[in-house]
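Peer 1: show me the folded form of this:
(2 chains)
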Amino acid sequence: MKRKNWVRLDNASNIFLASMTDFDTKVFRLSATMEEAIDPILLQLALDKNFEAYPLYHSVLRRGVFWYYLEESDLKPQVLLDEQPPCSQLYHFDRKELLFRVVYYQNRIHLEVFHALSDGTGAMWFFEDLLSEYVLLQNDFISAETNKESSQSERAIEGAHTDSFIHHFRHKGQRTYAEAAQSSIRKLTGASKTAGKFALEYGKKAMRYEMTNQENKKKRKKVYQIKGKRTIDNRTHVVELNMSVQPVLKLAHEQNASLTIYLTALFIEAIQKTNPVVEDGMTIAVSVPVNLRKFYDSTSARNFFSTTHLEYTYEPSEETNLAVICKTLKEQLQQQLSPNSLETRLNKLIAYEFNPITRVIFRPVKDGILKVINYFNNRGLTFAMSNLGSVQLPQSIDDKVHQFYFQTSAVRPQFCVISHQDYLSICLNSPFVETTLYKQFVRDLTALGVPITISANRIDGLELRGEEE
Amino acid sequence: MRYCQECKVSVNGDWLNCPLCHQPLEKVSEIPTPNPYPDIPLRFNKQQVLRILTSISIATISISLIIELFFLNSTRGLNIISFGIVSMWLVVLIIIRKRRNIAKSIVYLIISLSLLSIYWDYVEGWSAWSTTHAVPMICIFALIAMYIAVRLVKVEVEDYILYLLCAALIGLIPAVFLFFDWVTNPLPAWLSIGLSTVMLIVNFIFYRAEVLRELKKRMMV
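Peer 2: Numbers count the residues shown, from 1 in each chain, chains lettered A, B, ... in the order given. Next up, the predicted model:
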């Protein structure tokens, strides 16, 4: 019998398991539109090939007494038609199943990943390679159909094939399961037991620092919470906006802000407009994840991000406009992205992972503690946004893939941004039925002269039966 | 393609009203643009089922309460009915929650049903029927059931071995009942101890490596 490799799940990923609920499945979805309708057979072939190169994606999640752990499995992924609501649950307790799925519908390919396995950037690598593989197979298929007699041109195509193959598979190093499945933080520190001790010491200092920092900040802020009616069967409500990058980028630059900051500020304004109560001294707080690979040299496909907390308080006495909000957010972001505060944060994470006390606490208790922490985290947030940035594809497939989409399951209204070439897509996700906030956000954007095309999923029984008024 | 005059957006798919502001849409081109989000029917409604089960339980309890108090003038039967309902819920919840792991659900059932029967015996005025018959019998048949189940459903050794071990260890508990003389008839307890011992020895001989590996994995600190 073949022994199965396994590796303990790091603390950073544990929070996703603890905070997972029926409506917030902690699953995110990356989608790409191709030129033609998707061929499921080719997609399956591409997936099979790509799957081999990513040992991390072979994992199933199991529960131990003290920790969750990832275990290598023999399961094979199956390409499916998009027949479940976006970001449907991927991990069920006690069931051995892969932590990702590949689905297709019309000309779209979707990759859905459980967040405990990887983050957006890590999943994007898998997705890009899957798309490359699909395009290559498609080209092979077309050339085989049209150029059956000319063996010469076929060889030329084959040559191109092998070249780009090397180009795309940059993760050749991650052949072994244990390495691929290791926590990215441990990988970064090359952790040994001594590293753990060091980290603990640093972590303690960091925590003390953070504590005092928080105490200073504690001026009893009232963070605004968006409320609404949940969808009937807990599905995520999606409104997807398609637009051109340039006009939005121009608007952002006019405010001297990045796209992330600008859109966040716009969303804050939309919340304030739809909920007038915000005006008297309420704080709107937003969590924005940052990709740590940008700051630390790591090629880990595991979760490797940190979250920044941005907020804006509406003071009744002060006048506010978009420029003021942009400026405030920008300052906060810069402060939090300073090497010092990033280091602090990272040390804290390592300290948690190696802390002897957290190690001996039973897993269900740990889950409980994390649930409480998560609850208070949620209480301090109004919404969340995530920007995966601009996708750069290898030349050979760049013009075959049109647009990317990115969305996640949501515990509160949030939006996800991704762009490719001149296409920008913003997916508004929410567990609620109401669209007032979305409407305001979209109308604000169109009023600024940005042409937008929207798509949405149907969420209630009446809509599904086509009985709209 | 359709267009919303209020929101100034084009809308993909066959929407009649704007998905944002619910105002009627205007048709701008005859070429239909499909909605990239398929219409997915509503999923099973969990809350409704729970509501139904709860109301059945409450109705049963109240009806029996009325019968007991007004027609039989006693409350003894009420205990039996409430214990019955509690066991029903226990079994249903354990089976639903642990349905993907047969061996684990059997261990949970042994523990909960044993405790329930001991408590029941205690409430009824302790005649030691639970320690004499119920607990050993639950242990014996649970072990047999687990053995049959994992063979029938083809569960991998590593997935059930620890639970089988657990069940076998629980099967030794009737030894405590014997020691303190909490039994009226020693036979069921001895049967349970005997079967558990056999199971433990068999496990030790054939599956020692698996047990150790699983323990290491699950107990990893």
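Peer 1: may I have the secondary structure class of A:Cys87?
Peer 2: Classification of A:Cys87 using DSSP: H, G, I helix; E, B strand; the rest coil returns coil.
Peer 1: per-residue confidence for it?
Peer 2: Looking at A:Cys87, its pLDDT stands at 92.
Peer 1: got phi/psi on the closest residue to chain B within the stretch 101-250 of chain A?
Peer 2: As assessed by CB to the nearest CB, chain B sits closest to A:Asp233 within the stretch 101-250 of chain A, at 4.3 Å. Any C-beta I mention is one placed from the backbone N, CA and C, and that applies to glycine too. Here is the backbone geometry of A:Asp233 (degrees, to the nearest 10): phi -110, psi 30.
Peer 1: and what of the one 3 residues further on?
Peer 2: Main-chain dihedrals, A:Thr236, degrees, to the nearest 10: phi -80, psi 130.
Peer 1: re the thing from before, tell me if I'm right that the residue of the stretch 101-250 of chain A closest to chain B and B:Leu42 touch.
Peer 2: Yes: taking contacts as CB atoms under 8 Å, A:Asp233 lies within contact range of B:Leu42: 4.9 Å.
Peer 1: for the strand or helix carrying B:Arg213, buried residues please.
Peer 2: Per DSSP states H and E: B:Arg213 is located in helix B:208-219. Residues of helix B:208-219 classed as buried by neighbour count (16 or more other CB atoms under 10 Å in any protein chain shown): B:210-211, B:213-214, B:217-218.
Peer 1: count of residues packed around the closest residue in space to A:Asp24 that isn't next to it in sequence?
Peer 2: Nearest non-adjacent residue to A:Asp24, counting by CB to CB, 6 or more residues apart in numbering or on different chains: A:Val411, 4.0 Å away. By the measure other CB atoms under 10 Å in any protein chain shown, the count of residues near A:Val411 is 20.
Peer 1: can you map out the strands along the stretch 151-300 of chain A?
Peer 2: A:237-244, A:283-291 (DSSP state E, counting those that start in this stretch).
Peer 1: and these, which is most packed in?
Peer 2: Comparing the strands of the stretch 151-300 of chain A on average neighbours per residue, with mean count of other CB atoms under 10 Å in any protein chain shown, the densest one is strand A:237-244 at a mean of 22.
Peer 1: direction included, what does that strand pair up with?
Peer 2: Next to strand A:237-244 in the sheet, as set by DSSP bridges, lie strand A:423-430 (antiparallel), strand A:452-456 (antiparallel).
Peer 1: now render these as CSV, adding distance to A:Phe114.
Peer 2: Putting these into CSV (distance: least, CB to CB, whole Å) gives the following:
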stretch, distance to A:Phe114
strand A:423-430, 16
strand A:452-456, 24
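Peer 1: go through the ones you listed and name the closest to B:Ser55.
Peer 2: Nearest to B:Ser55, of all the strands paired with strand A:237-244, is strand A:423-430, at 32.0 Å by CB to CB.
Peer 1: what angle do strand A:237-244 and the helix or strand that that closest one is followed by make with each other?
Peer 2: Later in the chain than strand A:423-430, the nearest helix or strand by DSSP H and E is helix A:436-447. Using axes from the mean of the first three to the mean of the last three CA atoms, to 10 degrees, the inter-axis angle of helix A:436-447 relative to strand A:237-244 is 10 degrees.
Peer 1: the nearest residue to A:Pro316 once chain neighbours are set aside: how many residues sit nearby?
Peer 2: Excluding its sequence neighbours, the residue lying closest to A:Pro316 (CB to CB, 6+ apart) is A:Asp280, at 4.9 Å. Residues lying near A:Asp280 (other CB under 10 Å) number 10.
Peer 1: how close does A:Asp280 get to A:Tyr224?
Peer 2: 11 Å (CB to CB, to the nearest Å).
Peer 1: ditto for B:Gly13
Peer 2: 32 Å.
Peer 1: A:Asp233 and B:Leu42: who's more crowded?
Peer 2: A:Asp233 (19 against 16).
Peer 1: how much space between the more buried one and B:Ser87?
Peer 2: 31 Å.
Peer 1: A:Ala180 too?
Peer 2: To B:Ser87, A:Ala180 is 47 Å away according to CB to CB.
Peer 1: more neighbours, the two?
Peer 2: Neighbour count, other CB under 10 Å: between A:Ala180 and B:Ser87, A:Ala180 has more, with 25 against 15.
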